[in-house]
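1. This is a predicted model, with the sequence first.
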Amino acid sequence: MAIAWSEKASSMEVLAMPPSLSPPVILTQDELKKIAAYKAVEFVESGMVLGLGTGSTAKHAVDRIGELLRLGKLKNIVGIPTSKKTQEQALSLGIPLSDLDTHPTVDLAIDGADEVDPHLNLVKGRGGSLLREKMVEGACKKFVCIVDESKLVNHLGGSGLAMPVEIVPFCWKFTARKLQNTLENSGCVAKLRNGAEGEPFVTDNGNYIVDLYLQKNIGDLRVASDAILRIAGVVEHGMFLDMATTVIVAGELGITIKNK
């Protein structure tokens with residue numbers, strides 16, 4: 001599988017799709033997500049404390065974990081969900097749940113991402129769960145990120161889509177202006193995220209999200225991260241730097257596994 005930035009990861013394994021005499025089947029994006037998710041669940045072992053991610057890709061992984069528990073192929077699993085939505089899904093599948101207060105160390109987390117750069121840095125949070133995701137995935141020994149190849153970028157923000165920042169509702173316009181001014185050299189435009197009915201989107205933590213749209217490379221990610229977090233009113237941002245230990249990418253030609 002030829003991906004321009006694949007050699008940047010410290011190690012890489014490519015698992016090609018088996019050859020077939022029949023005409024090639026064009027897989028949908030959701031089918032690619034499911035392939036990546038199922039591959040990630042192969043890292044799960046009985047007795048683990050698992051971080052359960054949020055989003056369309058992570059949903060497949062949670063479904064698979066629930067299926068393996070039901071079949072008796074996994075036992076004594078404890079899940080820590082990263083959102084209320086994932087909590088509801090896991091409970092419906094019979095996955096026992098807990099939290100970081102009870103299990104401050106997580107064996108493995110599986111979650112998706114909105115962007116992945118050549119160094120396995122991520123953008124997450126377009127689904128609105130970035131704070132809980134960062135808390136759980138920051139507490140894990142191994143974080144397996146699962147994506148389809150459309151999520152690969154040369155630099156964070158390179159997709160032109162949102163880089164989310166969770167902020168407190170109090171004087172949100174003030175915070176949004178500060179965010180935009182802080183990243184003005186990247187051509188940043190800051191927009192409050194709205195929900196389905198036009199009201200501000202509210203996270204599971206009762207906060208708002210400001211989406212940052214960048215026209216240029218953000219530059220040094222750690223400098224940008226520190227600058228964002230110093231703004232009063234900011235709770236957390238969606239850059240997950242040096243957190244993913246493994247990234248599984250599903251594409252038309254097969255599965256690519258990249259390790260730190």
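-> Thanks, I have the structure now.

2. show me where the stretch 51-200 of the chain has helices.
-> With DSSP state H, counting those that start in this stretch as the criterion, the stretch 51-200 of the chain has helices at 56-70, 84-92, 130-137, 172-182.

3. Where do the domain boundaries of the chain fall?
-> 2-150+241-259, 163-235 (automatic domain parsing).

4. could you dump the helices of the stretch 51-200 of the chain to JSON lines with mean neighbour count?
-> For every residue, glycine as well, the C-beta is placed using N, CA and C. Formatted as JSON lines, the helices of the stretch 51-200 of the chain follow (neighbours: other C-beta atoms under 10 Å):
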{"stretch": "helix 56-70", "mean neighbour count": "21"}
{"stretch": "helix 84-92", "mean neighbour count": "17"}
{"stretch": "helix 130-137", "mean neighbour count": "24"}
{"stretch": "helix 172-182", "mean neighbour count": "17"}
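
5. Surely V210 is within a strand?
-> Yes. Counting by DSSP: H, G, I helix; E, B strand; the rest coil, V210 is found in a strand.

6. Pull the number of nearby residues for it.
-> Neighbour count for V210, taken as other C-beta atoms under 10 Å: 26.

7. Bridged to it, which residues?
-> Assessed by DSSP bridges, V210 has beta-bridge partners V165, L192.

8. excluding its backbone neighbours, what's nearest the residue nearest to the spatial centre of the chain?
-> Among the residues of the chain, the one closest to the centroid is A113, at 3.1 Å (C-alpha atoms, centre = their mean). In space, A113 comes closest to L122 once its chain neighbours are excluded; the distance is 4.2 Å by C-beta to C-beta, 6 or more residues apart in numbering.

9. so that neighbour touches M243, yeah?
-> Yes. Counting by C-beta atoms under 8 Å, L122 touches M243, with 7.0 Å between them.

10. Tell me which of those two has more neighbours.
-> Higher neighbour count among L122 and M243: L122, with 27 against 20, using other C-beta under 10 Å.

11. What residues are bridge-paired with that one?
-> In this structure, L122 bridges to V116, F240 when assessed by DSSP bridges.

12. For it, give its distance to D101.
-> Remark: distance between L122 and D101 (C-beta to C-beta, to the nearest Å) = 25 Å.

13. Repeat that for M135.
-> In terms of C-beta to C-beta, M135 sits 11 Å off from D101.

14. again with S186
-> Per C-beta to C-beta, S186 is found 37 Å from D101.

15. most packed of the domains of the chain?
-> domain 2-150+241-259 (a mean of 19; mean count of other C-beta atoms under 10 Å).

16. average model confidence for that domain?
-> For domain 2-150+241-259, mean pLDDT rounds to 90.

17. so how far is it from its chain's centroid?
-> The chain centroid and the centroid of domain 2-150+241-259 are separated by 8 Å under C-alpha atoms, centre = their mean, to the nearest Å.

18. so how far is the first residue of stretch 198-215 from its last?
-> End-to-end span of stretch 198-215 (C-alpha to C-alpha, to the nearest Å): 26 Å.

19. what does it rub up against?
-> 83-84, 125-126, 128-132, 157, 160-169, 172, 175-176, 179-180, 183, 186-195, 235 (C-beta atoms under 8 Å, 6 or more residues apart in numbering).

20. Can you name the residues that contact V234?
-> Taking C-beta under 8 Å, 6+ apart as the test, what V234 contacts is 165-167, 175, 179, 228.

21. actually G127, sorry about that
-> Neighbours of G127 in contact, by C-beta under 8 Å, 6+ apart: 54-55, 83.

22. Tell me the one among these nearest to L221.
-> Proximity of the contacts of G127 to L221 (C-beta to C-beta) peaks at G55, which lies at 21.7 Å.

23. Columns distance to V247 on top of the contacts of G127, output as TSV?
-> Listed next are those as TSV, based on distance: C-beta to C-beta, whole Å:
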residue	distance to V247
T54	17
G55	15
S83	21
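
24. and which of those residues is nearest to A37?
-> Once C-beta to C-beta is applied, the member of the contacts of G127 that ends up nearest A37 is G55, at 10.4 Å.
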